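Asks: sequence and predicted structure are below.
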Amino acid sequence: MKGIIFDLDGVIISTDKLHYKAWKKIADKLNIAFDEKINNRLRGVSRMDSLEIILEGYQGPALNKEEKEALADEKNACYVELLGTLHPDQMNPDVTDTLRYLREKGLKLAIGSSSKNTKYILHQLEIENLFDAVSDGTNITKSKPDPEVFIKAASFLELPEEECIVVEDAVAGIDAARSGHMRSVGIGDAYFYNQADYHIKTFSELKNLF
Ligand code: BG6
Ligand code: MG
């Protein structure tokens, strides 16, 4: 293995609560029941696909494409405002230590995230310099479980896919790695997913794998 591709949300930083708060605002406005359980289904899923999951509970008049896009934009505006509160102190120090350790070992590191806010999040956390490449929601046409985001990350690292391993917390992300012929490490939710090749409970366990 020469490269490691990290999912962002739920692997490098927990943004679950911020996504939840922003989607809750939209759900309340449309009188849709929305709880943490539904929020968990949004893990790794693109913004528009997340909206469709939330709209499963919608009982009002049908919404057209423009109305749906307006709702997604409104959610994102709220989410971006919340991201403004992100600060390097909120990073788990084990994550930054481990990333530095892996770089020192000579491994190339990339982000492979569906989020279009990836670069802003990395900037807020002041960790842009820890990654050699970023593949995110702004350079893909298909969301996870499609492997596009990881295939692009490998190409940005100038490495063949077989020499890259993916670290993911979402089932959709592990499936994406598999269909891109990459091995994967499951953490968080994906710790319990048997399709991952390796399973870790804490981020620093990556040190033992490399
Ligand atoms: C993923 C998150 O990383 O990014 C999803 O797990 C989110 O919950 C998706 O919907 C898209 O994020 P954004 O920031 O582009 O709305
Ligand atoms: Mg994730």
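Replies: Cool, got the structure. Ligands and ions are numbered 1, 2, ... in the order given.
Asks: residue 197 contacts residue 184, correct?
Replies: Yes: Residue 197 sits in contact with residue 184 when judged by C-beta atoms under 8 Å, with a separation of 5.5 Å. C-betas here are computed from N, CA, C, even on glycine.
Asks: overlap in contacts, these two.
Replies: Shared contacts of residue 197 and residue 184, defined by C-beta atoms under 8 Å, 6 or more residues apart in numbering, comprise residue 165.
Asks: so which of the two has more stuff around it?
Replies: Taking other C-beta atoms under 10 Å, residue 197 and residue 184 do not tie; residue 184 has more neighbours (26 against 15).
Asks: does that one sit in a helix, a strand or a coil?
Replies: Assigned by DSSP: H, G, I helix; E, B strand; the rest coil, the conformation of residue 184 is strand.
Asks: distance of it relative to residue 3?
Replies: Applying C-beta to C-beta, to the nearest Å, one obtains 13 Å for the distance of residue 184 from residue 3.
Asks: need the overlap of contacts for these two.
Replies: With C-beta under 8 Å, 6+ apart applied, the overlap between the contact sets of residue 184 and residue 3 consists of residue 165.
Asks: what ranges do the helices span in the protein?
Replies: When secondary structure is read from DSSP state H, the chain shows helices at 16-29, 36-40, 47-55, 65-83, 93-104, 118-125, 148-156, 171-179, 206-209.
Asks: tell me the buried residues in the fifth one?
Replies: Of the residues in helix 93-104, those buried by neighbour count under the rule 16 or more other C-beta atoms under 10 Å are 95, 96, 98, 99, 102, 103.
Asks: and these as TSV, adding pLDDT?
Replies: Below are those laid out as TSV (pLDDT from 0 to 100):
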residue	pLDDT
95	98
96	97
98	98
99	98
102	98
103	98
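Asks: pick the one among those residues closest to ligand 1.
Replies: Distance to ligand 1, by C-beta to the nearest ligand atom, is smallest for residue 95 among the buried residues of helix 93-104, at 15.8 Å.
Asks: contacting residues around that closest one?
Replies: With contacts defined as C-beta under 8 Å, 6+ apart, residue 95 is in contact with 12, 13, 203.
Asks: nearest to ligand 2: which residue in the chain?
Replies: Evaluated by C-beta to the ion, the chain has residue 10 as its residue closest to ligand 2, separated by 3.5 Å.
Asks: surely that residue touches residue 18?
Replies: No: look at residue 10 against residue 18 with C-beta under 8 Å: they stay out of range, at 11.7 Å.
Asks: and for the residue lying closest to residue 115 once chain neighbours are set aside, the neighbour number?
Replies: Nearest-residue entry for residue 115: residue 137, 5.1 Å, with adjacent residues in sequence omitted and distances by C-beta to C-beta, 6 or more residues apart in numbering. Neighbours of residue 137 under the rule other C-beta under 10 Å: 16.
Asks: cool, thanks, talk later.
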